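K.L.:
Below are the sequence and a predicted model for it; my questions follow.
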Amino acid sequence: MTFNQILLIAYVALLLIMSVITFGVFGKDKKIAVKQNGQMRIKEKTLLALTVLNGSIGAFIGRKVHHHKTDKAYFSITIYLSMLCQLLVTVVLALLAFEIF
């Protein structure tokens, strides 16, 4: 196994881990929002940071499943741009790993 293949596997693992975490955080914030029991909400900056830091897939799925932050245009823009960037990084790493590039 080459270094580039290991790098690709590590990056995909990072995407999956961050997406699971981000999905969970979106769900937790929605649960707090629905209960309205005075508990501190998760800051939007935190949700957006998790999205940008390789959690865009989890944010996308979390938004759909939990119906959370669906009316915020800047969440849509951030999620879609992050997904695009993360996809591009994955494609470049795959091309390098399989020596196509």
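P.N.:
Ah, there it is.
K.L.:
Buried residues, stretch 25-44. List them.
P.N.:
The neighbour-count check on stretch 25-44 (16 or more other C-beta atoms under 10 Å) flags Val25, Phe26, Asp29, Lys30 as buried. For every residue, glycine as well, the C-beta is placed using N, CA and C.
K.L.:
That one spans what distance, first to last residue?
P.N.:
With C-alpha to C-alpha, to the nearest Å as the measure, the ends of stretch 25-44 fall 11 Å from one another.
K.L.:
contacting residues around it?
P.N.:
46-47, 50, 58-59, 62-63, 65-69, 72, 75 (C-beta atoms under 8 Å, 6 or more residues apart in numbering).
K.L.:
buried subset of the residues you listed?
P.N.:
Using 16+ other C-beta under 10 Å, the buried ones in the contacts of stretch 25-44 are Leu47, Leu50, Gly58, Ala59, Gly62, Arg63, His66, His68, Lys69, Phe75.
K.L.:
Name the next helix or strand downstream of the helix or strand encompassing the first one, please.
P.N.:
To tie it back to what came earlier, the one meant is Leu47. In this structure, Leu47 sits in helix 44-50 according to DSSP states H and E. The first helix or strand that comes after helix 44-50 along the chain, using DSSP H and E, is helix 56-66.
K.L.:
contacting residues for the spatially closest residue to Phe60 that is not a sequence neighbour?
P.N.:
Excluding its sequence neighbours, the residue lying closest to Phe60 (C-beta to C-beta, 6 or more residues apart in numbering) is Ile79, at 5.4 Å. Contacts for Ile79 (C-beta under 8 Å, 6+ apart) come out as Thr51, Ser56, Ala59, Phe60, Arg63.
K.L.:
Start and end of stretch 49-59, how far apart?
P.N.:
10 Å.
K.L.:
so what's Tyr74 up against?
P.N.:
Contacts of Tyr74 by C-beta under 8 Å, 6+ apart are Leu48.
K.L.:
Now do the same for the helix or strand encompassing it: mean pLDDT, whole number.
P.N.:
Per DSSP H and E: Tyr74 is located in helix 73-97. Helix 73-97 shows a mean pLDDT of 97.
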